[in-house]
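[1] Below: sequence and its predicted model.
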Amino acid sequence: MQIIEVTDKKTWKLFHKVPHLIYKNDPDWICPLEKDVQNVFNPEKNKAFQKGEAICYVLLDGKKPIGRIAAFIDGARNEKQDFPTGGIGFFECIEDEKAALLLFETAETYLKEKGVKAIDGP
């Protein structure tokens, strides 16, 4: 298994592919628009990232995406708190404990390196 950062069209495509794999047999799942998902991480579209930052990761098994996660920091909110807080979201993964732990540990490591002392997540 290999974790890669989402940085370009190719890796965004892999990021968007994950929920299609996870929910392919769920008749009630409705796919969000890819543009809407990417706009969440765009400071021009999402005020939380005007003073914050985010990173997205995809977990691959060979060339196949099997999980994804995002880690984010809302800098404006942290200015009003006693301790810096980060968040984790967009977590989706095949049913594999090692894969899931690798995704969460990667996001947690990123946030710790940015000075976060508490993490909100799913």
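    That came in fine, so what should we check first? Residues are numbered from 1 along each chain as shown.

[2] Go ahead and name everything in contact with the longest helix seen in the chain.
    Across the chain, the longest stretch assigned as helix under DSSP state H is helix 97-113. For helix 97-113, the surrounding residues in contact (Cβ atoms under 8 Å, 6 or more residues apart in numbering) are 1, 3, 55, 57, 59, 61, 66-71, 73, 86, 88, 91, 93, 119, 121. For glycine as for every other residue, the C-beta is placed from the backbone atoms N, C-alpha and C.

[3] try it again with 10 Å
    Outside helix 97-113, the residues that touch it by Cβ atoms under 10 Å, 6 or more residues apart in numbering are 1-3, 5, 53-59, 61, 66-73, 84-94, 96, 116-119, 121-122.

[4] Give me the buried positions along that helix.
    Judged by neighbour count using 16 or more other Cβ atoms under 10 Å, the buried positions of helix 97-113 are 99-100, 102-104, 106-108, 110-111.

[5] Please report how far Gly86 lies from Lys9.
    Going from Gly86 to Lys9 by Cβ to Cβ, to the nearest Å gives 26 Å.

[6] More neighbours: these two, which one.
    With neighbours defined as other Cβ atoms under 10 Å, Gly86 and Lys9 compare such that Gly86 has more, 25 against 6.

[7] My reading is that the more buried one lies in a strand. Confirm?
    Yes - judged by DSSP: H, G, I helix; E, B strand; the rest coil, Gly86 forms part of a strand.

[8] Do I have it right that it meets Ala118?
    Yes - shown here, Gly86 and Ala118 form a contact pair, counting by Cβ atoms under 10 Å, at 7.5 Å.

[9] tell me the pLDDT at the residue positioned nearest the centre of the chain?
    The centre of the chain sits closest to Ala70, judged by Cα atoms, centre = their mean, with a distance of 1.4 Å. The model reports Ala70 with a pLDDT of 94.
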